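**Student:** got a sequence here, can you build the structure:
(one chain, ligands or ions: 2)
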Amino acid sequence: MKLAILGCSQLVTLAGPHRPRAGVEMRGLAIIHDGAMLIEAGRIQHVGKRSEIESLIEKDCTVVDAGNRVVMPGFVDAHTHPIFAGNRADEFEQRASGATYAEIAAAGGGIRSTVRQTRAASEDALLDSTAKYVQWFLRNGTTTIEAKSGYGLAPEQEYKLLRVIGRIKPLRCVPTFLGAHEIPDEFRGRAQEYAAVVINEMLPEVASKKLAEYCDVFCEPGIFGLDESRRILIAARALGLGLRMHADQLSKSGAAELAAELAATTADHLEHTGASGIAALHSAGVQPVLLPGSVYALGSTRYPNARGMIQAGLPVVLATDFNPGSSPTPSIPMVLSLACTQMKMTPAEAITAATINAAWSVGRAHQIGSLEPGKLADFVIHDCTDFRELAYFFGVEPAHAVYIDGNSVL
Ligand code: NIG
Ligand code: FE
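**Tutor:** Ligands and ions are numbered 1, 2, ... in the order given. As a prediction, the model looks like this:
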């Protein structure tokens, strides 16, 4: 099973130091012009100039001509909520007429409305509805997603969602338990009691059955405050789970500082995080995961301070936050566009943030996120000749062909 990819206008390898890329390192994509790649048994064996690789091709090797297109690692989408029933096009219409996300949520809509629909769906039905979104991710050049539960909010319901995540194919999935996504209807006004169910019942089961690698919390005043979030995340860590947080999304509450205190793997959103939060994340080695799709779709203009974070030396990650409420997009290219136009990241920084830095943030940098010998052959042939076109054009699906483990999946 040997495969050679020739004819890459740019082979965007992202090769570099084995660490998350920070500061000016985020601009170095290690591009090979007129590049080529040799793959064996699903792993990258060689990358180089076409002439070097051509000399290594043996008789039994399948040769694919990329047609003078950009070839690069599959995007790693480090923050998604892809398992849900129904959608919230009705609330989208209400928001277009002036209602806010917070008002709709307080009135019983928002996450809780998706929870009601998702609870009523079987595991197989959810897997079926997710299949459509899996195709959307692939068509946008994504080969790995971090996938959260969080629309079950009851023990068996959350396990059901995590089992669906475990069955997704052919995308690579990193499962995260987000039982603390909202207070479910039956626990309204009793957040502490619900947090106790998360800590005493759900977390031990999730950990012992290995249903998730990470635990996330929606840390926001009125949902899970700092104290509850801390309790939940400390319990998760004691059970061996990695930590992620929805932090400072709708208000500045000290959530970024809490992520730093707990040395979480990531702090996500950070729209309201200021200089002290950024400094705290940096000294604790927490990776920021920025989600401009949710800012855009909520009609806000308050984007996170990406330039401040890069300047402070944080290895920034970009992700879609794909979900039926705040960010109904599976498109990393759309996120690259928003990162460049709204947050003034350069196209190279944005691509680093959605590949190698994202791979570090989901604990997979030894396998994916760059095209280097020994890594898994997860790569995409994009229908463009220059990598900057991926952030420049928007509203298109740029992937021409997608490979996971060296197998053609699109
Ligand atoms: O990351 N803020 C919490 N969770 C999601 C929204 C989920 C939803 O609206 O269904 C987010 O934006
Ligand atoms: Fe989210």
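**Student:** and the residue in the stretch 301-410 of the chain that ligand 1 sits nearest to, what is it in contact with?
**Tutor:** Taking Cβ to the nearest ligand atom, ligand 1 has its nearest neighbour within the stretch 301-410 of the chain at G325, 2.1 Å off. Glycine gets a C-beta too; all of them are placed from N, C-alpha and C. G325 is in contact with 88, 91, 101, 110-111, 114, counting by Cβ atoms under 8 Å, 6 or more residues apart in numbering.
**Student:** which helix or strand contains it?
**Tutor:** Using DSSP states H and E, G325 sits in no helix or strand.
**Student:** for it, give me phi and psi.
**Tutor:** phi -110, psi -80 (degrees, to the nearest 10).
**Student:** cool, and N357?
**Tutor:** phi -70, psi -40.
**Student:** list the buried ones in the lengthiest strand in the chain?
**Tutor:** Looking across the chain with DSSP state E, the single longest strand is strand 61-73. By 16 or more other Cβ atoms under 10 Å, the buried positions in strand 61-73 come out as 64, 66, 69-73.
**Student:** just checking, what packs against it?
**Tutor:** When contacts are defined as 3 or more Cβ pairs under 8 Å, 6 or more residues apart in numbering; DSSP states H and E, strand 61-73 packs onto strand 2-12, strand 31-40, strand 379-382, strand 399-404.
**Student:** mean confidence for the very next helix or strand once past it?
**Tutor:** Scanning forward in sequence from strand 61-73 by DSSP H and E, the next helix or strand is strand 75-80. Taken as a whole, strand 75-80 has an average pLDDT of 99.
**Student:** quick one: is strand 75-80 near ligand 1?
**Tutor:** No: Strand 75-80 does not reach ligand 1 (Cβ under 6 Å from any ligand atom); its nearest approach is 7.2 Å.
**Student:** what's in contact with that strand?
**Tutor:** 137, 140-148, 244, 266, 268, 289, 291, 317, 319-323, 330, 332, 354-355, 358-359, 361-362, 364, 368-369, 380.
**Student:** and the helix or strand just after it, anywhere near ligand 1?
**Tutor:** Downstream of strand 75-80, the next assigned helix or strand under DSSP H and E is helix 89-96. No: counting by Cβ under 6 Å from any ligand atom, ligand 1 has no neighbours in helix 89-96; the shortest distance is 8.7 Å.
**Student:** put the alpha carbons of helix 89-96 into CSV.
**Tutor:** Only the C-alpha atoms of helix 89-96 are listed here, as CSV (Å, rounded to 0.1, in the frame of the first residue of the first chain):
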residue,chain,number,x,y,z
ALA,A,89,-33.3,28.0,12.5
ASP,A,90,-36.4,29.3,14.4
GLU,A,91,-34.2,31.1,17.0
PHE,A,92,-31.9,32.4,14.2
GLU,A,93,-35.0,34.1,12.8
GLN,A,94,-35.8,35.5,16.3
ARG,A,95,-32.3,36.9,16.6
ALA,A,96,-32.6,38.5,13.2
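**Student:** list the buried ones in that helix?
**Tutor:** 91, 94-95.
**Student:** out of the residues you listed, who's nearest R190?
**Tutor:** Ranked by distance to R190 (Cβ to Cβ), those are led by E91 at 25.1 Å.
**Student:** got the contact list for that closest one?
**Tutor:** Contacts of E91 by Cβ under 8 Å, 6+ apart are 99, 104, 109-110, 113, 325.
**Student:** select only the buried ones of those residues in ChimeraX?
**Tutor:** ChimeraX command restricting the contacts of E91 to the buried ones, with burial defined by 16+ other Cβ under 10 Å:
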select :104,109,110,113,325
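**Student:** just the ones of the contacts of E91 in helices?
**Tutor:** Judged by DSSP state H, the contacts of E91 include 104, 113 as members of helices.
**Student:** contacts only, for A350.
**Tutor:** So A350 contacts 318, 335-336, 339-340, 391 (Cβ under 8 Å, 6+ apart).
**Student:** in strands, which of those residues fall?
**Tutor:** Going by DSSP E, the strands hold L318 from the contacts of A350.
**Student:** which strands and helices sit next to the helix or strand containing A125?
**Tutor:** Using DSSP H and E, A125 sits in helix 123-139. Judged by 3+ Cβ pairs under 8 Å, 6+ apart, the packing partners of helix 123-139 are helix 155-167, strand 399-404.
**Student:** if we go to 10 Å?
**Tutor:** strand 75-80, helix 111-119, strand 142-148, helix 155-167, strand 399-404 (3 or more Cβ pairs under 10 Å, 6 or more residues apart in numbering; DSSP states H and E).
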